[in-house]
Each structure stands twice: as C-alpha cells, then as structure tokens.
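S.K.: just a sequence and a predicted model for now, questions to come.
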Amino acid sequence: MIYGIGTDICAIERIQRSYEKRGQIYAATFCNSNELMQIGKSSSPALHLGKIHCAKECIGKAVGTGLVPDFWWDDIEVNVNNEDNEVFLFENGMGFIRKSLKIDGSWKLHLSLSNTSKLISGVCIISAS
C-alpha cells in the first residue's frame, strides 16, 4: 500500500548562487550539523546541498503537508553520500508522518534522487513495508 508520493525539482545554479552569497548561514536554514559536515567534505557543495534540500521537500510533499512548523527541516536528516540516500527521521518526524498519513503498521520511506548538470530531481514514496 502506498501512503504518499512526493516529488521535487531544484535548479543547481540557484542553490549555488545562494550558497556563494550566504554560505553556511544559508545551508543552516535547512541542514543540521551532520548534513553541514557532509557538505563541507563534498567536492561539489552546491550539488550536495541541493540534493539535501530536494530530498526534504520530496518527503514533505509525500506526507501531504509539505514542511510545516509541526514537521520541519530539522525533523529529517538526509545522507546523500552514497547511492542509498539514507534518511533518518527524528521521533517527532516519524510521529507526524504516522499521524498525518494514518499509518497503523510498519512503513518505509523510499527516496530516489538524480541530477543533470543543471537540475536535481527527487521522488519519495511512503509505503507499507
């Protein structure tokens, strides 16, 4: 059973401009300390940052609420260093998803990200496990 599907697309150039202009202050608006460390180690910080942003937007859309005060950027942690695009949901995030989508049993969050030289696209599916 599929509980929710969310998609997003992000322009790398736009992320690059914002990151060059505001640096870590910009990144910290939607990244936690672990994600900021990932970005700092990346050979392409803007691409890395864009993937994190795109992933979190996809997840919010899959929940059906977007990112709202009760389910915010810091309720989600994304690791885009490998092919698996690992997502960690903090307790508040997991509870919000369960409540919003009326999930009783076990569930999985599937995330796929891809990019060209200009765009990052993402798809998130929340399904029964």
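M.R.: Structure's in. What do you need?
S.K.: which parts of stretch 101-121 are buried?
M.R.: Buried residues in stretch 101-121, counting neighbours by 16 or more other C-beta atoms under 10 Å, are found at Leu101, Ile103, Trp107, Leu109, Leu111, Leu113, Asn115, Ile120. In this view, the C-beta of every residue, glycine as well, is placed from N, C-alpha and C.
S.K.: the fourth one touches Cys58, doesn't it?
M.R.: Which is Leu109. No - with contacts defined as C-beta atoms under 8 Å, Leu109 does not count as touching Cys58, sitting 9.7 Å away.
S.K.: just the buried residues of stretch 101-121: which are in helices?
M.R.: Residues from the buried residues of stretch 101-121 lying in helices, with DSSP state H as the criterion: Leu101.
S.K.: next, format the buried residues of stretch 101-121 as a markdown table and append distance to Asp84.
M.R.: Shown next, in a markdown table, are these (distance: C-beta to C-beta, whole Å):
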| residue | distance to Asp84 |
| --- | --- |
| Leu101 | 23 |
| Ile103 | 22 |
| Trp107 | 18 |
| Leu109 | 12 |
| Leu111 | 9 |
| Leu113 | 11 |
| Asn115 | 16 |
| Ile120 | 17 |
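S.K.: out of the buried residues of stretch 101-121, what pair is the most spread apart?
M.R.: Of all pairs drawn from the buried residues of stretch 101-121, the greatest distance, 30.1 Å, lies between Ile103 and Asn115 (C-beta to C-beta).
S.K.: and for Trp72, the neighbour number?
M.R.: Residues lying near Trp72 (other C-beta atoms under 10 Å) number 15.
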